[in-house]
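Participant: task: produce atomic coordinates for the following.
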Amino acid sequence: MLNWRRDPDYEQRMLLSEQLMRQSELRIKQIDARTRQLETEIEQLRKENARGRQLLASIDALCFPPES
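Facilitator: From the prediction side, this is the model:
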C-alpha cells in the first residue's frame, strides 16, 4: 500500500504558477512591442544620419572646393 497524502498547497501553488506564467507572457509581449518600436526608431535615425552626412558633404564641397 502506498503512503500517499494529498498536498494541501498544490492547487494554490499551481494557480500561482499559472498566474506567473501569464504575467511573464504579457511582459514578453510588451518587450517585443517595445523592441519593434525601437527598431523602427533606429532605422529612422539611420536614415536621418545618412541624410545629414550627405548634407555635410555637400556643404564641404561648396565651401571647400577641391581646387582650394
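
Participant: C-alpha from now on. contacts and neighbour counts both.
Facilitator: OK.

Participant: any idea how far residue 29 is from the residue nearest the centre of the chain?
Facilitator: With distances taken as C-alpha atoms, centre = their mean, residue 35 lies nearest the centre of the chain, 2.1 Å away. According to C-alpha to C-alpha, to the nearest Å, residue 35 stands 10 Å off from residue 29.

Participant: ok, residue 45 next?
Facilitator: Noted for residue 45: a distance of 24 Å to residue 29, by C-alpha to C-alpha.

Participant: same thing with residue 11?
Facilitator: Taking C-alpha to C-alpha, one finds residue 11 at 27 Å from residue 29.

Participant: cool, residue 13 as well?
Facilitator: Using C-alpha to C-alpha, residue 13 is found at 24 Å from residue 29.

Participant: what's the answer for residue 23, then?
Facilitator: Distance from residue 23 to residue 29, by C-alpha to C-alpha: 10 Å.

Participant: and for those two, which residues touch both?
Facilitator: Listed as contacting both residue 23 and residue 29 by C-alpha atoms under 8 Å, 6 or more residues apart in numbering is no residue at all.

Participant: any low-confidence regions in the protein?
Facilitator: Residues of the chain that meet the criterion pLDDT under 70 lie in 1-3, 68.
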